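J.: Got a predicted model here, sequence first, then my questions.
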Amino acid sequence: MRLLVLGGTHFLGRAVVSAALERRWDVTVFRRGISGVDPADVLSLRGDYSDPRDVARLADHGPWDAVVDTLAYVPRETSTVARVLRNHVQRYVVVSSVSAYRGWPLEPLTEASPVLDCPPDAGPGYGHDGDPGPSTYGFGKAGSSRPAHPTGRFSRSTCGTWRSSRCAAPRGSRGCST
């Protein structure tokens, strides 16, 4: 299995890389290289997720069986990444957040609960911050899961969204804000 992890040196990305290596998968990590340490035994590529030229250079290192996108937050950027990688990856998993749900944090939620309305071409800061919710973070996560779905770049059978309510922080991380 060839796996691409977008953001693979901190928190969830690092845990995904570790689990993939335990399974003896061939792992590529795409990261800015500003902080964190390159994981051992992976191909670590430097680039900026928000720069289409860097993402196009990344695509030259494919194909991959799957991508786990832990960087999806600005819908317009996620849409560009999904478009560029479409012919280089078979499955696309967007890591989202419980904050993407319209009723968070006041209502009980299920996977079928409605998400915040955010267009897939929204830029940074779309939406508004409420107290106790919603947040621009939640709007961004909601919009970032749309570019890869059926109306976007990948079919429902080859794309998924993982929304977490809580994450346990590995190796002394500061915690999970999702």
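T.: Yep, that arrived.

J.: who are the neighbours in contact with the closest residue to residue 81 other than its chain neighbours?
T.: In space, and not counting its chain neighbours, residue 81 is closest to residue 55: 5.4 Å by C-beta to C-beta, 6 or more residues apart in numbering. In short, each C-beta sits where N, CA and C put it, glycine included. By C-beta atoms under 8 Å, 6 or more residues apart in numbering, the contact set of residue 55 is 47, 49, 80, 81, 84, 85.

J.: what's the answer for residue 118, then?
T.: Residue 118 neighbours (C-beta under 8 Å, 6+ apart): 75, 126, 127, 139, 140, 142, 143, 146.

J.: Go ahead and confirm the second one touches residue 140.
T.: Yes: under the criterion of C-beta atoms under 8 Å, residue 126 makes contact with residue 140 at 6.4 Å.

J.: So which of the two has more stuff around it?
T.: Each of residue 126 and residue 140 has its neighbours counted (other C-beta atoms under 10 Å); residue 140 has more, 29 against 18.

J.: Give me the phi and psi for the more buried one.
T.: When read as degrees, to the nearest 10, the backbone of residue 140 gives phi -60, psi -40.

J.: Now do the same contact list for it.
T.: Contact analysis of residue 140 by C-beta under 8 Å, 6+ apart lists 73, 74, 75, 118, 122, 124, 126, 127.

J.: number of nearby residues for the fifth one?
T.: In other words, residue 122. The number of residues near residue 122, taken as other C-beta under 10 Å, comes to 23.

J.: do the same with the last one
T.: If you count neighbours by other C-beta under 10 Å, residue 127 ends up with 18.

J.: which SS class is it?
T.: With DSSP: H, G, I helix; E, B strand; the rest coil as the basis, residue 127 sits in coil.

J.: ok, now which ones touch it?
T.: Taking C-beta under 8 Å, 6+ apart as the test, what residue 127 contacts is 116, 118, 134, 135, 136, 138, 139, 140.

J.: Give me the distance from the helix or strand harbouring the residue nearest to residue 81 to the chain's centre.
T.: For residue 55, the host element (DSSP states H and E) is helix 52-59. Centroid separation for helix 52-59 versus its chain: 16 Å, with C-alpha atoms, centre = their mean, to the nearest Å.

J.: buried stuff in that helix?
T.: Within helix 52-59, the residues that count as buried by 16 or more other C-beta atoms under 10 Å are 54, 55, 58, 59.

J.: Of those, which is the nearest to residue 89?
T.: Checking the buried residues of helix 52-59 against residue 89 with C-beta to C-beta, the nearest one is residue 59 at 8.9 Å.

J.: excluding its backbone neighbours, what's nearest the closest one?
T.: Nearest to residue 59 is residue 88, by C-beta to C-beta, 6+ apart, at 4.8 Å.

J.: all helices in the protein, in order from the N-terminus.
T.: 11-22, 52-59, 75-85, 136-144 (DSSP state H).
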